[in-house]
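In: Structure here, sequence nowhere to be found:
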């Protein structure tokens, strides 16, 4: 932790508060065990998906399996960065860039995947006669590919800006592996704030739009509509958690 305090006049000092050894070990052990437990449960879900052929022909289950697999990767990279912040505070720059990029990559995939799932539920409830034609397996895999392509386009400019603004020595040095210290150029930060605001607006608009239509359709008390409504509510909660990372950079 960092704390900036005024000492005298215009002179400021930065005090660094570090966890005790016991506290650091407890935090890391707890987080790693929790991550392993969550990934084990997610692994069982993926195993069940692969085991049953019927899931492979349903766009909803395909999107859910992709979400679970992406969550496993995102959790693994995030915990790795957290543990490295205590154990190996400085690592070689290329490895740090790869880990940070993969972490941001998988983090951005989550809200996009949830949005696609919300739209699929919306079509299923509000346009049931067109669902089989619009939500095909081929189009579902195409949308998943589109999600990864879009998040790649989001990340690549940061890497290009980094390559243009940093000296060659930077990429063979050891760095403190944190996004704010590696990708800390003002242009990158400005781009990040703008894109976060854009995503925050678009994703929530899609979620609210689909939820409202499903909610009104669910008033007929049909079972499928109720299930879809509950699914959208769950997506809304998941998106709320994801959007906290966006809001944090805008505040």
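Out: Happy to help now that I have it. The model shown is predicted, which means the values in this text are computed figures rather than measured ones.
In: switch to C-alpha atoms for all contacts and neighbour counts from now on
Out: Fine.
In: so how far is residue 66 from the residue nearest in space to the middle of the chain?
Out: What sits nearest the mean C-alpha location of the chain, by CA atoms, centre = their mean, is residue 107, with 1.9 Å. Distance from residue 107 to residue 66, counting by CA to CA, to the nearest Å: 13 Å.
In: now residue 122
Out: 19 Å.
In: Among those two, which residue is more densely surrounded?
Out: Between residue 122 and residue 66, residue 122 has the larger neighbour count (other CA atoms under 10 Å), namely 26 against 18.
In: Isn't that one up against residue 213?
Out: Yes: using CA atoms under 8 Å, residue 122 is in contact with residue 213, at 7.3 Å.
In: List the buried residues of whichever strand or helix holds the residue nearest to the centre of the chain.
Out: Element membership for residue 107 (DSSP states H and E) is helix 93-126. Neighbour counts over helix 93-126 (16 or more other CA atoms under 10 Å) mark 93, 96-97, 99-126 as buried.
In: Next, please give the residue ranges for the strands of the stretch 1-150 of the chain.
Out: Ranges of strands within the stretch 1-150 of the chain are 2-8, 11-16, 90-92, based on DSSP state E, counting those that start in this stretch.
In: whoops, I mixed them up, the stretch 151-251 of the chain
Out: Applying DSSP E, counting those that start in this stretch to the stretch 151-251 of the chain gives strands spanning 174-176.
In: Output the below-cut-off pLDDT ranges for it.
Out: Along the stretch 151-251 of the chain, segments meeting pLDDT under 70 span 218-236, 238-251.
In: Swap in 90 and give it another go.
Out: Counting by pLDDT under 90, the stretch 151-251 of the chain shows low-confidence ranges at 151-159, 161-251.
In: Who is the closest residue to residue 175 other than its chain neighbours paired with across the strands?
Out: By the measure of CA to CA, 6 or more residues apart in numbering, the closest residue to residue 175 outside its immediate chain neighbours is residue 90, 5.0 Å from it. Under DSSP bridges, the beta-bridge partners of residue 90 are residue 176.
In: how close does residue 90 sit to residue 99?
Out: Using CA to CA, residue 90 is found at 13 Å from residue 99.
In: Going along the chain, name the helices of this protein.
Out: In the chain, the helices defined using DSSP state H lie at 21-51, 59-87, 93-126, 128-134, 137-165, 179-182, 186-218, 223-250.
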